[in-house]
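1. Quick one, fold the following:
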Amino acid sequence: MTDFNALRAPWSDEQVDALNRFQRRGDVHPFTCPNHSEMRDIDRALFATVNGWICAHCDYRQDWAHEAMVSGPVLESYYKLPCDVALPPATIIRKGCGLDVLMTAINERAERPAEECRFGDPSRHIPEAITGQAWRPGEPVAVHVEGGDYAYDGILRGIAVKMSGAIRYVVEDSNRRLFIHNARQLGVSEGWLPS
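-> Numbering: from 1, shown residues only. Next up is the predicted model:
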């Protein structure tokens, strides 16, 4: 498959930048990881590094690209990240930053142990991870919710932390429906956690 004008890794920094811009053009199908073909909710596009393509979700690697991917024109708008990107364990690259910032952060992980390049244990609950508190979802914590045109009593079932750091509360009502609320709607101070 790579008998035609293939560009083999290792690649220069300029080639890496060009390949990553090409991947995000939007008018051509990017190189993607074959290990995630059934998963529709993740970005399967590969990232170029000096040593070749990598997948953000597994150990898949590819060491070639089409030569045309580094020689064709690339629009300036593809230099900027279209959204925030979270890199484990705690790095966030903000929307609008240059793609080079993201690639630098990814490359800095290349020599780190694998356990430092993953998100934390998903079974560890967020409040404990941030504060050391041991509250677990499902423990009955009664809350009263008030919004613009509604009010109800419910049970706190979970807590989520947005990329911005804002805390949101998952509340179950008497009809077993789940709703997400901010601190103001629960009548508590910003950052409140159950004790």
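2. From L7, how far off is the closest residue to C117 other than its chain neighbours?
-> Spatial nearest neighbour of C117, chain neighbours left out: R109 (4.8 Å); criterion: C-beta to C-beta, 6 or more residues apart in numbering. Using the backbone N, CA and C atoms, a C-beta is placed for each residue, glycine as well. Counting by C-beta to C-beta, to the nearest Å, the gap from R109 to L7 is 24 Å.
3. Which one's more surrounded, the two?
-> Neighbour totals were compared for R109 and L7, and L7 leads with 17 against 14 (other C-beta atoms under 10 Å).
4. Give me the buried positions along the helix or strand harbouring R168.
-> Assigned by DSSP states H and E, R168 belongs to strand 167-172. If you call a residue buried by 16 or more other C-beta atoms under 10 Å, then strand 167-172 has these buried ones: 167, 169-172.
5. Pairing partners for it, with directions?
-> strand 151-161 (antiparallel), strand 178-181 (antiparallel) (DSSP bridges).
6. tell me the most buried of these?
-> Most buried of the strands paired with strand 167-172, by mean neighbour count (mean count of other C-beta atoms under 10 Å): strand 151-161, with a mean of 16.
7. Spell out the residue ranges of the helices in the protein.
-> 13-23, 68-71, 99-108, 126-131, 183-186 (DSSP state H).
8. Make TSV from these and add mean neighbour count to it.
-> Below are the helices of the chain laid out as TSV (neighbours: other C-beta atoms under 10 Å):
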stretch	mean neighbour count
helix 13-23	20
helix 68-71	16
helix 99-108	16
helix 126-131	15
helix 183-186	16
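9. Mark out where each domain of the chain begins and ends.
-> Under automatic domain parsing, the residue ranges defining each domain of the chain are 6-117, 126-186.
10. Average pLDDT for the first one, rounded please.
-> Along domain 6-117, the predicted confidence averages to a pLDDT of 78.
11. Just the terminal-to-terminal distance for that domain.
-> Terminal residues of domain 6-117 lie 30 Å apart, using C-alpha to C-alpha, to the nearest Å.
12. hmm, back to that, worst average pLDDT in the strands paired with strand 167-172?
-> Looking at those, the bottom one is strand 151-161 with a mean of 84.
13. residues contacting the residue nearest to C117?
-> Residues in contact with R109 (C-beta atoms under 8 Å, 6 or more residues apart in numbering) are 87, 116-117.
14. Against K162, how distant is it?
-> 23 Å.
15. One more: V70?
-> Applying C-beta to C-beta to V70 and K162 gives a distance of 37 Å.
16. now do L102
-> Taken as C-beta to C-beta, the span from L102 to K162 is 20 Å.
17. Point to the residue nearest the middle of this protein.
-> Most central in the chain under C-alpha atoms, centre = their mean is A86, positioned 4.2 Å from the mean C-alpha point.
18. I'd like the distance between the closest residue to that one other than its chain neighbours and V161.
-> Excluding its sequence neighbours, the residue lying closest to A86 (C-beta to C-beta, 6+ apart) is I92, at 5.4 Å. According to C-beta to C-beta, I92 stands 12 Å off from V161.
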